[in-house]
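Participant: quick one, fold the following:
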Amino acid sequence: MVTVHLCRADVQKIAGSTVLPVADVQKIAGSTVLPVAGVQKIARSAVMPVVIPSLEELKTKTEIELEDMYHGFLNNVQVKCNKIVRVGSIGDGGWNVCLDVKWYPTKPCLVYSFGIGRDSTFDVGMKNIFGCEVHSFDPFEKKIPNRELLNFHDIGISNKSGIDGGRQFMTLRDTRKHLNHTNKDISILKMDVESSEWRFLTAN
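Facilitator: Residues are numbered from 1 along each chain as shown. This is a model prediction of the structure:
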């Protein structure tokens, strides 16, 4: 999954490639989606993997070093994708999905979306456009933020399961067990959990 956000300039340059102007996007099922016929092209150069250091090494890093490492990992595209579609909002709340054959979310696809807030357009788009089974998670929302979210859970993702600040958190492993998904592949896992991704990455 690529986390590059589109801006409102007529044409934005990403990795030396042209992205369709916002005026050309189409509305599908309440989500702003780039037309498949005009998907953006990512540079064809080789993509190098980013390796997360061991937990012992991470403990020796300063907070600034950890922050730089965290953003360097999450902002680095590690899988080359030639066809990308924007699902959800143009700004914060929407996410890019790879449509290459290897990664295309075909049925029966399963999507986990951690961190909803007030923008559930990505979740709704994945359900309505691709027909995926979507599970939305947000421990800060006790009520379903959107009636179209059929599988909403007021649970957060973390490096350990338990109650924190009166809210329930689970590891990914325990979340899958809780939902009886241990024998199912997760097609897409989206996280927007206010920098708590780091705790998840060190545990899963």
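Participant: where does pLDDT dip in this protein?
Facilitator: Applying pLDDT under 70 to the chain flags residues 1-50, 145-149, 195-204.
Participant: and the helices in it?
Facilitator: Ranges of helices in the chain, per DSSP state H, are 55-58, 63-74, 121-130, 172-178, 197-201.
Participant: format the ones you listed as CSV; extra columns: mean neighbour count.
Facilitator: The C-beta positions use only the backbone N, C-alpha and C, and glycine is treated the same way. Below are these laid out as CSV (neighbours: other C-beta atoms under 10 Å):
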stretch, mean neighbour count
helix 55-58, 10
helix 63-74, 12
helix 121-130, 23
helix 172-178, 16
helix 197-201, 17
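Participant: ok, which of the ones you listed comes nearest N96?
Facilitator: The minimum distance between N96 and the helices of the chain falls on helix 121-130, with 9.9 Å, by C-beta to C-beta.
Participant: CA atoms of that closest one as CSV?
Facilitator: What follows is helix 121-130, C-alpha atoms only, in CSV (Å, rounded to 0.1, in the frame of the first residue of the first chain):
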residue,chain,number,x,y,z
THR,A,121,-14.6,6.9,3.0
PHE,A,122,-11.8,4.4,2.5
ASP,A,123,-13.6,1.7,4.4
VAL,A,124,-16.9,2.3,2.6
GLY,A,125,-15.1,2.5,-0.8
MET,A,126,-13.3,-0.8,-0.3
LYS,A,127,-16.7,-2.4,0.5
ASN,A,128,-18.7,-0.8,-2.3
ILE,A,129,-16.1,-0.8,-5.1
PHE,A,130,-14.2,-4.0,-4.6
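Participant: going forward, the N-terminal residue is numbered 426.
Facilitator: In the new numbering, first residue 426, that becomes helix 546-555.
Participant: and that helix, what does it pack onto?
Facilitator: Applying 3 or more C-beta pairs under 8 Å, 6 or more residues apart in numbering; DSSP states H and E, we find helix 546-555 packed against strand 451-453, strand 456-458, strand 509-512, strand 535-539, strand 558-562.
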